[in-house]
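# Provide a 3D model corresponding to the input given below.
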Amino acid sequence: MFGWIVLALVGGAALYGVALYNGLVAGRNQVGNGWKQIDVQLKRRYDLIPNLVEVAKDYMSYEQETLKQVVEARTMAMAARGPAQASVAEAQLSGVLGKFFALAESYPDLKANQTVTNLMEELTSTENKIAFARQHYNDSVMAQNNRVEQFPSVLLARAFAFGPHDYFTIPESEIQPVKVDLR
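Residues are numbered from 1 along each chain as shown. From the prediction side, this is the model:
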């Protein structure tokens, strides 16, 4: 009788361990999926930017430095790997794009161009999708980091090298408000 009780306890503990491990794996996969969703939207954004810059070149002849900054920021963002690097690079790209949008407002011919209008609308829509994907990713990271740090799953997490994940955030030092002069 005692043997059956011990066997049931060991079996129950093993099943519980398997369930904890599977939860950790599912969480890691959820975080990975969240990052891929961000990546898809970032690639869409990267594809739109050269088209917008190319169309704007002719209209914004005096703003070549801004256009150059947009292209350089895009290149840096494309080269970023992982949430930590991408956070910094994306913040820089967003800042330069904000400056570009603000400057574009002072060019009536550019604003009237249907291609530019369509590209800017697509880019704005993509920015919104990036924000939603980032929120989903960060929610997944929080849930997984909770699993990895809470007892008793922390024991399995350490044993099987499940570590915490980085959030996709914009560093405070990179947040710069766009200044618009309407004079």
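# Let me have the strand or helix carrying Val88 in CSV, keeping just the CA atoms, if that works.
Applying DSSP states H and E as the criterion places Val88 in helix 82-104. Extracted in CSV, the C-alpha atoms of helix 82-104 (Å, rounded to 0.1, in the frame of the first residue of the first chain):
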residue,chain,number,x,y,z
GLY,A,82,16.8,41.6,-31.0
PRO,A,83,14.6,43.8,-28.9
ALA,A,84,17.4,45.8,-27.2
GLN,A,85,19.1,46.9,-30.4
ALA,A,86,15.9,47.3,-32.3
SER,A,87,14.4,49.6,-29.5
VAL,A,88,17.2,52.1,-29.9
ALA,A,89,17.3,52.0,-33.7
GLU,A,90,13.5,52.2,-34.0
ALA,A,91,13.4,55.2,-31.7
GLN,A,92,15.9,57.0,-33.9
LEU,A,93,14.0,56.1,-37.1
SER,A,94,10.7,57.2,-35.6
GLY,A,95,12.3,60.6,-34.6
VAL,A,96,13.7,61.2,-38.1
LEU,A,97,10.4,60.2,-39.7
GLY,A,98,8.6,62.6,-37.4
LYS,A,99,10.9,65.3,-38.5
PHE,A,100,10.3,64.3,-42.1
PHE,A,101,6.5,64.4,-41.7
ALA,A,102,6.8,67.8,-40.0
LEU,A,103,8.9,69.2,-42.9
ALA,A,104,6.6,67.7,-45.5
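# same for it, what does it pack against?
Here helix 82-104 touches helix 2-59, helix 64-79, helix 114-149, going by 3 or more Cβ pairs under 8 Å, 6 or more residues apart in numbering; DSSP states H and E. C-beta here means a position set from N, CA and C on the backbone, and glycine is covered the same way.
# Ile38 against Tyr167, yeah?
No: in this structure, Ile38 is not within contact of Tyr167 by Cβ atoms under 8 Å, at 11.6 Å.
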